[in-house]
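[1] Structure of the sequence below:
(2 chains)
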Amino acid sequence: MHRDANTLTLDPIECIDSEQVPEEFKEKALAEGNQLSSLLGYLLFGVVFGIILVKSEVVSWFRIQEMFRFHSFHLHGVIGSAGVVAASSVLAIKRLGLKTIHGEPISIAPKQWTGVGTRYWLGGTFFGLGWALLGACPGPLFALIGGGITVLLVAFVAALAGTWTYAALRSRLPH
Amino acid sequence: MGSIIDFVSQPWPWYVAGPLIGLFVPALLIFGGKQLGLSSNLRHVCAATVPGRQEFFRYDWKRTGTWNLVMVLGIMIGGFIGLHLLASPGDSIDLSERTVGALSGLGVSDLTGFVPAQFISWKGLATLPGLVMVVGGGFFVGFGARYAGGCTSGHAISGLANLQVASLVAVVGFFIGGLFVTFVLLPVLL
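    Below you'll find the model as predicted:
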């Protein structure tokens, strides 16, 4: 696809946490998600997720090194089995036509794809550089900051700067 | 009760942790149609603090992002619980001998804790490797995640769960970048 066409088709607000429900249910799902009871649920999801990240040592710089060196199956096993369980669950949700607890149908939006997927190749590679240097991706970064490794607040601010830089360069980057 | 705490305080094997992480995808979908993806929060924080004139940050972050920011707050609390209340016995991770050898060869001798304190600490920030790891690493995590439209949770977990080619490519990219750092950059830097 032509570069200009590519750039022009970039949705200015793409990739925001849009609800994975049909268009006509989005407003309702958004409103429900901001209710106090829902937010308490997300807080609890986060607490459990944080504990799992620490106890499975996904938050370890050393484990990330071990993963990129293919010296142990541990993290490959964590990510691989997470993917298998998540994929089978999504398949089950689709096959059984499961709805959210509030009754909205679930419909997962596909990732945008143009041309050869330049943004995924390049963006993924940049992310990998950061992941291996820092030894933490966003979830573990937040867990370690919460655990008191305060120097990672600097990494967090740097990650915000990276996000901001992407926003500023976005219209000029190949996607 | 003490024995239960002792039991969960051991490091969890991959076949326990991985499936539990995977279950967050259907759990969030069923709880409210949400998709697991944590790097979006970096964007929400930018939108909330310094949106500037970037169209990319001009959206109602409170309306779309509150649930995810609250989940991050939970992750921080979970991180505190995991590191302090459910801390594993022993102060080092049971790394493979080959990794220990490779890291020693690079001069990473202190393998205690979750991060190499010689570089990733306030003191380590004053060293070139520490600066590159913390500031450079953080920058590329933020830049790369938005460029690729997702991070480990958004692509490697929820994207692959929905069998997205885009996510498969992103994950290959993660490894291209990670292998470059591991085998080219770190040996030069350390």
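
[2] Count the residues that sit near B:Ala126.
    B:Ala126 has 9 neighbours, counted by other C-beta atoms under 10 Å in any protein chain shown. Every residue, glycine included, has its C-beta placed from N, CA and C.

[3] actually A:Gly139, sorry about that
    30.

[4] Then B:Gln10?
    By other C-beta under 10 Å, neighbour count at B:Gln10 equals 12.

[5] My read is that it contacts B:Pro89, right?
    Yes: with contact defined as C-beta atoms under 8 Å, B:Gln10 and B:Pro89 form a contacting pair (7.3 Å).

[6] as a whole number, average confidence for stretch B:96-108?
    Here stretch B:96-108 scores 95 as its mean pLDDT.

[7] ditto for stretch A:161-175
    Stretch A:161-175 shows a mean pLDDT of 95 in the predicted model.

[8] Provide the backbone phi and psi angles at B:Ala102.
    Reported as degrees, to the nearest 10, the phi and psi values for B:Ala102 are phi -60, psi -40.

[9] hmm, I was thinking of B:Pro116
    phi -70, psi 110.

[10] again with B:Thr112
    Residue torsions, per degrees, to the nearest 10, at B:Thr112 are phi -80, psi 160.

[11] Spatially, what comes nearest to it if we skip its sequence neighbours?
    B:Asp91 (4.6 Å; C-beta to C-beta, 6 or more residues apart in numbering or on different chains).

[12] Over to A:Tyr166?
    In space, and not counting its chain neighbours, A:Tyr166 is closest to B:Arg146: 4.1 Å by C-beta to C-beta, 6+ apart.

[13] The one you found should be in a helix, yeah?
    Yes: under DSSP: H, G, I helix; E, B strand; the rest coil, B:Arg146 falls within a helix.

[14] neighbours of it, just the number please.
    By other C-beta under 10 Å, neighbour count at B:Arg146 equals 29.

[15] my guess is it contacts A:Gly123, does it?
    Yes: under the criterion of C-beta under 8 Å, B:Arg146 makes contact with A:Gly123 at 7.4 Å.

[16] check contacts around A:Ala87.
    B:Leu160, B:Ala161, B:Asn162, B:Leu163 (C-beta atoms under 8 Å, 6 or more residues apart in numbering or on different chains).

[17] What strand or helix carries it?
    For A:Ala87, the host element (DSSP states H and E) is helix A:74-96.

[18] Quick one: mean pLDDT over that helix.
    96.

[19] Tell me how many other residues surround residue 76.
    Reading this off chain A. Close neighbours of A:His76, defined as other C-beta under 10 Å, add up to 14.

[20] My question was about chain B, not that one.
    B:Met76 has 19 nearby residues by other C-beta under 10 Å.

[21] Excluding sequence neighbours, find me the nearest residue to it.
    Per C-beta to C-beta, 6+ apart, closest to B:Met76 is A:Gly146, 2.8 Å.

[22] Centre-most residue in chain B?
    Nearest to the mean C-alpha position of chain B, counting by C-alpha atoms, centre = their mean, stands B:Thr152 at 7.3 Å.

[23] tell me which residues in stretch B:123-140 are buried?
    Across stretch B:123-140, burial judged by 16 or more other C-beta atoms under 10 Å in any protein chain shown covers B:124-125, B:129-130, B:132-140.

[24] whoops, I mixed them up, stretch B:62-82
    B:64-82.

[25] can you check stretch A:79-92 too?
    A:Ile79, A:Gly80, A:Ser81, A:Ala82, A:Gly83, A:Val85, A:Ala86, A:Ala87, A:Ser89, A:Val90.

[26] Quickly list the domain ranges of chain B.
    Using automatic domain parsing, the domain ranges for chain B come out as B:1-91, B:94-190.

[27] what about these, which gets the closest to A:Ser60?
    domain B:94-190 (4.7 Å; C-beta to C-beta).

[28] Between the two ends of that closest one, how far is it?
    This stretch, domain B:94-190, spans 23 Å end to end (C-alpha to C-alpha, to the nearest Å).

[29] Give me the next element, helix or strand, following the lowest-mean-pLDDT helix or strand in chain A.
    Within chain A, no helix or strand scores below helix A:3-8, which has a mean of 44 by mean pLDDT, DSSP states H and E. Downstream of helix A:3-8, the next assigned helix or strand under DSSP H and E is helix A:26-33.

[30] low-confidence ranges in the chain?
    As the question left the chain open, I've gone with chain A. Applying pLDDT under 70 to chain A picks out residues A:1-17.

[31] ah, I was thinking of chain B
    B:1-2.

[32] Run through the strands of chain B in chain order.
    Using DSSP state E, chain B contains no strands.

[33] How many residues are close by A:Ala132?
    For A:Ala132, the neighbour count with other C-beta under 10 Å is 27.
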